[in-house]
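*Asks:* from the sequence below, what's the structure:
(3 chains)
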Amino acid sequence: MSSVDRPKPRLGREFFARPTAGVAVELVGCTLWRYTAAGITAGRIVETEAYLDASDRASHAAWSKRGQDVMRRAPGTVYIYRCYGMHWMFNIVAHAPDTVGAVLIRAVEPVEGIDIMEGRRGLTEIRQLCSGPGKLCQAFDIDESLHKIDLVTSDTVWLTAGNRSEAPTLIAGKRIGITKSPELPLRFFAAGNRYVSAHRRGVPFTSEVIPSF
DNA sequence: GCTGTGATTTTCT
DNA sequence: GAAAATCACAGCT
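*Replies:* This next block holds a predicted model:
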């Protein structure tokens, strides 16, 4: 609501040029913006996952040539991945100098352009619009055409900071849908938020509250 | 509200 | 040839 009353400056290169897990934590609460011919859509990030270097067996940096290539590019670069042959995943390259890593955006809370999202998703249930990595890509019209785009300079997709006064309490847990390195607590989400994904599954909740911002 | 299952295709071993 | 960072829907409690 009030988060769009007074627009924040977009996140710059320096925001993404830090250790990957820290960027994943601080992205929760930020706003994702997307501009297309259909209009503006925006959503508040409520869930992220960090994927590290080759020592993290679930990271594409560990086994995918395509992932290795893009994840060592400039922080702030978009990494689009196709999952299970039919869903797009939206990632942001984020890492300290001379390392690799990326953050998967898993869920956002719809803020603006909800009617546009409903049309793209073929649904009107607001909780179903963006509560999952594949869902939000469909709602925001994110696909392979955004691969390797620079979030710092693009005028079709970008991010803005969250309001400090609305900073959510964060919980860390195990990442979802992976089989390698499943024990790492690299999933971060806003406590109690209804737009977080996978609220059905018995998500391993070995969680721990993390100070936000 | 919960659990199980099928769809679909690129990428890598 | 198999796995993969998922989703929607059917059917049951």
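*Asks:* mind checking the SS state of A:Ser181?
*Replies:* Three-state assignment for A:Ser181 (DSSP: H, G, I helix; E, B strand; the rest coil): coil.
*Asks:* number of nearby residues for it?
*Replies:* A:Ser181 is flanked by 17 other residues according to other C-beta atoms under 10 Å. C-beta: built from backbone N, CA, C; applies to glycine.
*Asks:* got phi/psi on it?
*Replies:* The phi and psi values for A:Ser181, taken as degrees, to the nearest 10, are phi 50, psi 50.
*Asks:* give the contact list for it.
*Replies:* Shown in contact with A:Ser181 (C-beta atoms under 8 Å, 6 or more residues apart in numbering): A:56-59.
*Asks:* please redo it, this time with the cut-off set to 10 Å
*Replies:* A:51-52, A:55-59, A:62, A:174-175 (C-beta atoms under 10 Å, 6 or more residues apart in numbering).
*Asks:* TSV for the residues you listed, including secondary structure and neighbour count?
*Replies:* TSV is the format used below for those (DSSP: H, G, I helix; E, B strand; the rest coil; neighbours: other C-beta atoms under 10 Å):
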residue	secondary structure	neighbour count
A:Tyr51	strand	28
A:Leu52	coil	23
A:Ser55	coil	9
A:Asp56	coil	21
A:Arg57	coil	14
A:Ala58	coil	19
A:Ser59	coil	26
A:Ala62	helix	18
A:Lys174	coil	18
A:Arg175	coil	22
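*Asks:* and chain A, which residues reach DNA strand C?
*Replies:* Proximity of chain A to DNA strand C (C-beta under 7 Å from any atom of the strand) is limited to residues A:49, A:51, A:58-60, A:67, A:79, A:81, A:83-87, A:89, A:91, A:102, A:104, A:121, A:123, A:128, A:132-135, A:138, A:175-180, A:197-198.
*Asks:* narrow the residues you listed to those in helices?
*Replies:* A:67, A:121, A:128, A:133-135, A:138 (DSSP state H).
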